[in-house]
Structures are given as C-alpha cells and as structure tokens.
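Asks: test case, fold it:
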Amino acid sequence: MEQTLARLIQSEHSYQKNKGIITSGMQYYIIITGDIIHSRKHESSAWLPQLEAALKQQTTDYDIFRGDSFQAEVPLDRVFHCVFYLKAVMRQIEEMDVRIGIGVGQVSFRNHTIKQSSGEAFFLSGKALDSLYKESIEFISPWADLNENLNLLLTLSTRLLDQWTINMAETVQKMMEYPEKNQLEITQLLNRSNQSQVSRELNRANYPKLNEVIQYCTKELARYVNKPA
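Replies: Model (predicted):
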C-alpha cells in the first residue's frame, strides 16, 4: 500500500529540494513549526539531541531556535509521517510532547537556509502553531474544506497518542524508521525479550490505524495540491 501511495504521489507532482511542489504553475511549500511541551521540566541535554536527531532523520532543512522551538521544510510525501514521528520521539521522555503547526502555501523569499526564508507557508505554519490551545497538531492550507477534514482526523489521532506509554512510543518510532522490517527484526533492534511484546505495544498504540491516517492525509493533500487551478 505504501509503495502504491509513493507511486501516486510521484506521478501527481514533482518535489524538488528547496523548490517546493510545482503544480499548475503554482509553487507550494510545506513548512512545520513546533515547540516542545514541558521543555523546562528537563534539562535541554535530556531532549534536545533527540529532537535534532529526529529532525535530521526526516528532513535536511530545519532550524531550532529560542531553545525549544523549531521549523522545517518537509516534502509532501513525508509531512504527516514526520509530524507523528516527532511526537513518537518526544513522548519517550517523561511528561514531554511536541506541538506542531503545518502550513501549506507559497514562499515569497527562499534563501539557502529556512531561517532566512519567508512567505505564505511560513505565515500559515506559525498561525497554525499559535492557534493551538488544547490540541497539539493544526493544519492550515489555502483549502478550507481540506483543513476541516484533516484537522478532525489529526485531532482524533492525537487522542490515541495520549494513551501511549514510553515503550509504545519507542516501538512506534522504530517501526516508522524501518517500515520494511518485520516485527521480529524490530524486536531485535529494540533489544526486547520477545516479539509478542512488540506486537502488543503496536496494537495498543493503534499503530495500524495511525498508519492509515498518515496515508490518507498524504493522499488528500496531494489531491488538493494537484487540482487544476
């Protein structure tokens, strides 16, 4: 299913590094802006290396600023995977989590680094983050109906994540890093005693459903981005 989705996305749009998604003469970028929940409850050395490693794993264009905030440009076919991956990483640290605003739009100025760039995608990403109060993920694009549909799904998905234990988050992270591996191989990577433990953790974490949400949101965003103008 993931291979089919990848082919669909590749056929529907071309993503060029630092050039956004080019479609119908329009150029769209996807920017995420986030901050760490309860960052002051731990020394930064307890979580900052994990955050930076997670961002490096998902994108090459990111910036960490103000100590506990970050911004990144993410390809369309990775954005929702990236968001939930970051949450899986940060939820392995007691009482910590991450809030993320996703913005889709054009960019008026694009420099070599993300921190020197600006435009609609950056504004919408920051607006999405600023709008978060009780929720931890918000999506804003030029399409109001897409925003409504995806935000409902993202909100419901975060309710599932709220039930995660540290072990569940760790297991989900490894599955997201190595989707080609089976549960036995994941068990070995995690140094767990048996495969049944990994299977239980994935089921209790609702990982199969989370994967469906990621794939659906990715497909819907690709569909809207590639609608004729």
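
Asks: now do the most centrally placed residue in the chain against Ser118, distance only.
Replies: The chain has Val83 as the residue nearest its centroid, 1.6 Å off, counting by CA atoms, centre = their mean. Val83 sits 22 Å away from Ser118, going by CB to CB, to the nearest Å. Glycine gets a C-beta too; all of them are placed from N, C-alpha and C.

Asks: Cys82 contacts Val74, doesn't it?
Replies: Yes - using CB atoms under 8 Å, Cys82 makes contact with Val74 at a distance of 5.0 Å.

Asks: okay, buried residues for stretch 112-132 please.
Replies: The neighbour-count check on stretch 112-132 (16 or more other CB atoms under 10 Å) flags Ile114, Ser117, Gly119, Glu120, Ala121, Phe122, Leu124, Ser125, Gly126, Ala128, Leu129, Leu132 as buried.

Asks: I should have written stretch 156-163 there, sorry.
Replies: For stretch 156-163, the buried set under the neighbour-count rule, 16+ other CB under 10 Å, comprises Ser157, Thr158, Leu161.

Asks: now the residues you listed in JSON lines, with secondary structure and pLDDT?
Replies: JSON lines is the format used below for the buried residues of stretch 156-163 (DSSP: H, G, I helix; E, B strand; the rest coil; pLDDT from 0 to 100):
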{"residue": "Ser157", "secondary structure": "helix", "pLDDT": "96"}
{"residue": "Thr158", "secondary structure": "helix", "pLDDT": "95"}
{"residue": "Leu161", "secondary structure": "helix", "pLDDT": "94"}
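
Asks: helices along this structure, start to end?
Replies: With DSSP state H as the criterion, the chain has helices at 2-12, 48-58, 79-90, 120-130, 144-161, 166-177, 183-190, 195-204, 207-225.

Asks: which strands or helices does the fourth one pack on?
Replies: Helix 120-130 makes packing contacts with strand 26-37, strand 97-105, strand 137-140 when contacts are defined by 3 or more CB pairs under 8 Å, 6 or more residues apart in numbering; DSSP states H and E.
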